[in-house]
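Undergrad: got a predicted model here, sequence first, then my questions.
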Amino acid sequence: MKLLIFAAVLVWGFAPQAAKPVNSAPAAAKGAATHATGSTPTKKPDSAPAQSPAISIVPDDHLASVPPSGPSDLEVKMTWFAGTLAAVAVLQFFALFWQTFSLRKLAKASGSHTQEMEYQSRVLDGQLKVMAEQLTAVKETASASSMSAMAAKESIERIISRERARLRVELQPFYLNFNAPSPASYTVEHEGSTDAYVMDSHVSVYVSPSRDPDRSSVNGRPMPIPRIIGAQNPVVAAQDVLHPFTSQEIDDIRQLKSFVHITGFIRYKDVFEGEHETRFNRVWSIARMNHLNGEPFTYWELCGTADENVET
């Protein structure tokens with residue numbers, strides 16, 4: 001806008017003016033000189049005093065009637081320059097107008113884009129809230145499912161524990177026989193409403209100078225028991241036999257110089273495919289009872305570690 005005003009001022013300032021007559025001043029001076037010369041009075045005789053000549057300037061009519069010449073080259077160039085500036089200012093005005101229009105259009109588009117982004121942001125926020133609620137619901141469902149699974153597992157374990165088979169070994173009283181085999185009798189007792197499937201079993205009866213078990217004697221003979229023990233035959237009797245004792249061996253046992261041991265194990269499976277093991281380790285003990293008039297009282301006593309006397 002400032003450039004436009006500046007161009008208008010230049011155009012007005014350099015507009016062509018009325019041309020002045022060329023050589024008018026010199027011609028007037030020349031004419032005035034001519035008239036002055038022509039009107040000079042002749043000198044009079046010396047009888048009269050000298051007077052200053054009177055000069056009058058009268059313009060020539062033929063010089064005033066000369067038409068003015070055209071504008072000079074400088075004025076033409078300045079006029080073209082001003083017009084060019086005015087044209088440039090007009091073009092710049094239109095350019096600024098178009099730029100302003102484009103900027104307003106771009107600003108409007110940016111505003112619409114900003115609104116769209118705000119709308120999408122609100123939509124995403126809503127989706128995130130929904131997803132958070134769904135995640136919470138999934139966690140609660142997973143927690144409930146986990147609790148249900150744990151409850152179901154515990155219920156199944158209780159059923160299995162109640163229904164599965166268990167095998168226990170009970171030892172019968174033992175007696176020392178002179179010059180005859182001394183049988184070590186025992187029973188395998190079944191508990192539960194399902195069968196037990198025997199996979200492996202061993203039993204060993206031996207005499208040792210130590211009260212502690214001889215672990216090298218664990219792998220004795222297989223137990224004479226059936227492969228399947230169930231509720232139909234809950235008690236299975238079996239025995240292992242020691243060699244006939246001599247009187248010296250019997251005296252050593254009674255004097256607690258030697259000890260009779262029995263050890264063994266049963267490995268079996270239940271109907272739920274669970275594997276179990278019953279392991280036992282006993283030593284034959286002799287105690288003196290006062291109320292029996294000093295007669296010895298014999299019984300099987302636990303010996304060894306807890307792992308050697310366990311039921312799984």
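TA: Now that the structure is in, tell me what you want to look at.
Undergrad: starting at the chain centroid, how far to the biggest helix by length in the chain?
TA: In terms of residue count, the longest helix belonging to the chain (DSSP state H) is helix 73-163. Relative to its chain's centre, helix 73-163 lies at 23 Å (CA atoms, centre = their mean, to the nearest Å).
Undergrad: what's the first helix or strand after that helix?
TA: Using DSSP states H and E, the helix or strand that follows helix 73-163 in sequence is strand 166-171.
Undergrad: in that next one, what's buried?
TA: 166-167, 169 (16 or more other CB atoms under 10 Å). For every residue, glycine as well, the C-beta is placed using N, CA and C.
Undergrad: just those now: which is nearest residue 204?
TA: residue 169 (12.8 Å; CB to CB).
Undergrad: pLDDT at the closest one, what is it?
TA: We have a pLDDT of 95 for residue 169.
Undergrad: again with the one 5 residues further on
TA: The score at residue 174 is 92. That number is its pLDDT.
Undergrad: now residue 53
TA: For residue 53, pLDDT reads 49.
Undergrad: now do residue 18
TA: On the pLDDT scale, residue 18 gets 43.
Undergrad: who's in contact with residue 179?
TA: Contacts for residue 179 (CB atoms under 8 Å, 6 or more residues apart in numbering) come out as 244-246.
Undergrad: are any of those residues buried, and if so which?
TA: residue 245.
Undergrad: which one of the contacts of residue 179 is nearest to residue 302?
TA: Among the contacts of residue 179, residue 245 lies closest to residue 302 (CB to CB), at 23.7 Å.
Undergrad: can you tell me, leaving aside adjacent residues, what's nearest to that closest one?
TA: Counting by CB to CB, 6 or more residues apart in numbering, residue 245 lies nearest to residue 176, which is 5.7 Å off, once chain neighbours are set aside.
Undergrad: if I look at residue 251, how far off is residue 183?
TA: 21 Å (CB to CB, to the nearest Å).
Undergrad: what of residue 93?
TA: In terms of CB to CB, residue 93 sits 130 Å off from residue 183.
Undergrad: hang on, the earlier thing: dump the contacts of residue 179 into a markdown table; add pLDDT as well.
TA: A markdown table is the format used below for the contacts of residue 179 (pLDDT from 0 to 100):
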| residue | pLDDT |
| --- | --- |
| 244 | 85 |
| 245 | 85 |
| 246 | 86 |
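Undergrad: with secondary structure and distance to residue 149 added, can I get the contacts of residue 179 in TSV?
TA: Formatted as TSV, the contacts of residue 179 follow (DSSP: H, G, I helix; E, B strand; the rest coil; distance: CB to CB, whole Å):
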residue	secondary structure	distance to residue 149
244	coil	61
245	strand	60
246	coil	65
